[in-house]
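Student: Pasting a predicted model and its sequence here:
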Amino acid sequence: MKISKYLLISIVLGISLVVAACGPKVEPTPTVDPNAIMTQVAMTVQAEVTQMALLTPSPTTTLPPTATLTPVPIQTLPAAPKTPVSQPTLPFASPDNATWIADVTVPDDKDDKVVTVFWKNETFTKTWKIENTGTTTWDTTYKLVYLDGPVLGETLIVSITSPVKPKNQIEISVPMKAPATLGTVINYWRMMNGKGQFFGDVLYVKFVVGTELEKTVTPNPG
């Protein structure tokens with residue numbers, strides 16, 4: 001029995017269709033977008049760079065080197081001359097001079113003890129005997145001037161009233177007033193010439209401002 005070729009072709013096609021239907025189903029390959037792939041790669045690279053930056057320690061800032069100071073050279077002083085340098089000529093000694101001779105009133109002390117005692121605010125007169133031991137004659141421009149210590153009254157200058165020749169002695173007196181506080185008092189005086197120059201020994205008065213008992217036991221010898 002002969003099979004026609006058309007029938008045979010139909011059978012073969014049918015068998016092929018059946019076999020194709022029974023085989024594994026092949027999914028179509030999706031179309032790849034190159035722009036999307038490049039974007040994803042760029043994001044991945046950026047993330048890795050950021051991670052590496054966090055893990056890598058920051059470089060330490062290097063300070064500029066400190067400038068080295070150049071020492072200043074020490075100057076060598078010239079050697080001292082072998083011959084002494086001439087000294088200026090000293091002025092001649094003053095021709096004026098005064099020397100203390102005695103305390104006429106209000107003796108200062110005896111055996112390092114003050115022997116004169118005054119009441120508070122008591123007035124008295126201190127008198128010194130001095131000698132002109134210079135070579136000039138003291139005229140009325142010469143005076144005894146308060147120098148230092150507590151001020152004892154209103155008189156601070158006592159002028160010479162008559163000429164005093166060299167080697168002559170005079171007594172010069174100053175009215176004074178004791179302070180209002182208890183204790184030992186001392187103040188100083190000195191002669192001055194007409195040019196305002198002090199000269200001679202420094203004169204002083206020393207006494208005690210005491211209580212009634214002290215004044216009774218030690219009466220004022222002046």
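Tutor: Yes, it's here. Numbers count the residues shown, from 1 in each chain.
Student: Show me the helices in the chain, by range?
Tutor: 5-22, 34-55, 212-217 (DSSP state H).
Student: which strand of the chain spans the most residues?
Tutor: For the chain, the longest strand by residue count, based on DSSP state E, is strand 198-209.
Student: for it, packing partners?
Tutor: Under the contact definition 3 or more Cβ pairs under 8 Å, 6 or more residues apart in numbering; DSSP states H and E, strand 198-209 sits against strand 98-103, strand 113-114, strand 117-118, strand 123-132, strand 143-148, strand 183-192. C-beta coordinates here come from the backbone N, C-alpha and C atoms, glycine included.
Student: will you turn those strands into JSON lines that also has distance to G210 and mean neighbour count?
Tutor: Listed next are these as JSON lines, based on distance: least, Cβ to Cβ, whole Å; neighbours: other Cβ atoms under 10 Å:
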{"stretch": "strand 98-103", "distance to G210": "19", "mean neighbour count": "17"}
{"stretch": "strand 113-114", "distance to G210": "9", "mean neighbour count": "12"}
{"stretch": "strand 117-118", "distance to G210": "4", "mean neighbour count": "22"}
{"stretch": "strand 123-132", "distance to G210": "13", "mean neighbour count": "18"}
{"stretch": "strand 143-148", "distance to G210": "23", "mean neighbour count": "16"}
{"stretch": "strand 183-192", "distance to G210": "9", "mean neighbour count": "17"}
